[in-house]
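> what's the 3D shape of this:
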Amino acid sequence: MNRDPKNILLVTGMSGAGKSTVLRTLEDLGWEVVDNLPLLLLDRLLSAPLPESAESISQPLALGIGARTRDFDPERVVERIQKLREDHGHDIGTLFLDCAGGELERRYSETRRRHPLALDRPASDGIARERELLAPLRAWANRLIDTTSMTANELAQNVRETFSGEKLGAPTLSVTSFGFARGVPRNADLVFDMRFLRNPHWVEALRPGTGLDAAVGDYIAGDPAYDAALAQIESLLLLLLPRYRAEGKSYVTIAFGCTGGRHRSVHVTERVAQRLRDEGFSPTVTHRDLAAAPQDSLEGAPASGPGSGTVLQ
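Numbering: from 1, shown residues only. Have a look, this model is predicted:
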């Protein structure tokens, strides 16, 4: 099965204007990216069959071309696009990245790289030559981004806002439970300490169970601080996760910890993960220390007073 012709984007423009940043961002968004493909191989790539999976069939394609591309000829590129549209019905969009000459010279000076069209001359000569060479593609492009005043992060943000779909590019979201007694997960982006909730470990009938058990969950949820605390945590996550996505964060790991990692953190992880699913997210849930044996030495002394685990013994 051939790829959907409506999901093909040609990315071109001035060298140093940010093509690599655009292609990396599109790849992070789930696009298939091919850079500097020789024009002679374009037909072969577009006609190549894709793996038989819905994900592959719907995966958009970004083609990076420019002065470094073998057999690069902007007029031939335009002719080839027209022919592909006429003969095969391909609808290929073109994104042109432009930038002021003075800013391009500054960038080449900072990176100490040579301009591809001026290997033995000043960068300004190569920039002027390339601008003239790319004039047909600039006039042809249906999208143009001027990166003169943009940082790399701002360009990436622009691309995400322009080309990401409703779910495309969403960060890989993980929610995990753990025990502080066994160390905090190194890859955690957000860590919440659940040790303020009453501890089922000190209730003899609940100690062998885990936060996956209804009785344990009911006991934890009966803590006077439970409802307000969980509501605040969930509200915070629902505020932060869309912002992480907008900033292009690829992975977000949310970790809930208690002392041993078997009761409170497990229960809260399951509850929060379900709330996130209800809000349209797709978290992966893990319980790092769920299989560990309960140990009084790890849990410390039981709490005393209202809400402590001793009241049900």
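> average pLDDT for the strand or helix carrying Leu239, rounded please.
Under the criterion of DSSP states H and E, Leu239 resides in helix 226-246. For helix 226-246, the mean per-residue pLDDT is 93.
> and it, what's buried?
Neighbour-count burial for helix 226-246 flags Tyr226, Ala229, Leu230, Ile233, Glu234, Leu237, Leu241, Tyr244, Arg245 (criterion: 16 or more other CB atoms under 10 Å). Every C-beta, even on glycine, is put in place using the N, C-alpha and C of the backbone.
> over to stretch 66-83?
The neighbour-count check on stretch 66-83 (16+ other CB under 10 Å) flags Gly66, Ala67, Thr69, Phe72, Pro74, Val77, Val78, Arg80, Ile81 as buried.
> just the ones of those residues in helices?
Pro74, Val77, Val78, Arg80, Ile81 (DSSP state H).
> turn the residues you listed into TSV, including distance to Gly179 and pLDDT.
Below are these laid out as TSV (distance: CB to CB, whole Å; pLDDT from 0 to 100):
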residue	distance to Gly179	pLDDT
Pro74	61	74
Val77	59	77
Val78	62	75
Arg80	60	75
Ile81	58	73
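> a markdown table for those, including distance to Gly93?
A markdown table is the format used below for these (distance: CB to CB, whole Å):
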| residue | distance to Gly93 |
| --- | --- |
| Pro74 | 16 |
| Val77 | 13 |
| Val78 | 13 |
| Arg80 | 15 |
| Ile81 | 10 |
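> what segments of the chain are helices?
19-28, 42-47, 54-58, 74-88, 101-111, 123-133, 135-140, 152-163, 214-221, 226-246, 264-278, 296-299.
> state the mean pLDDT of the last one.
Meaning helix 296-299. Helix 296-299 comes out at a mean pLDDT of 68.
> what of stretch 16-28?
91.
> likewise stretch 155-173?
71.
> gap between Glu161 and Leu155?
As judged by CB to CB, to the nearest Å, Glu161 and Leu155 stand 11 Å apart.
> those two - which one has more neighbours?
The neighbour comparison of Glu161 against Leu155 (other CB atoms under 10 Å) goes to Leu155, with 18 against 9.
> pretty sure that one sits against Ser149.
No - with contact defined as CB atoms under 8 Å, Leu155 and Ser149 do not form a contacting pair (10.3 Å).
> coming back round to it: closest to Gly257 among the buried residues of helix 226-246?
Closest to Gly257 out of the buried residues of helix 226-246 is Ile233 (12.7 Å), distances taken as CB to CB.
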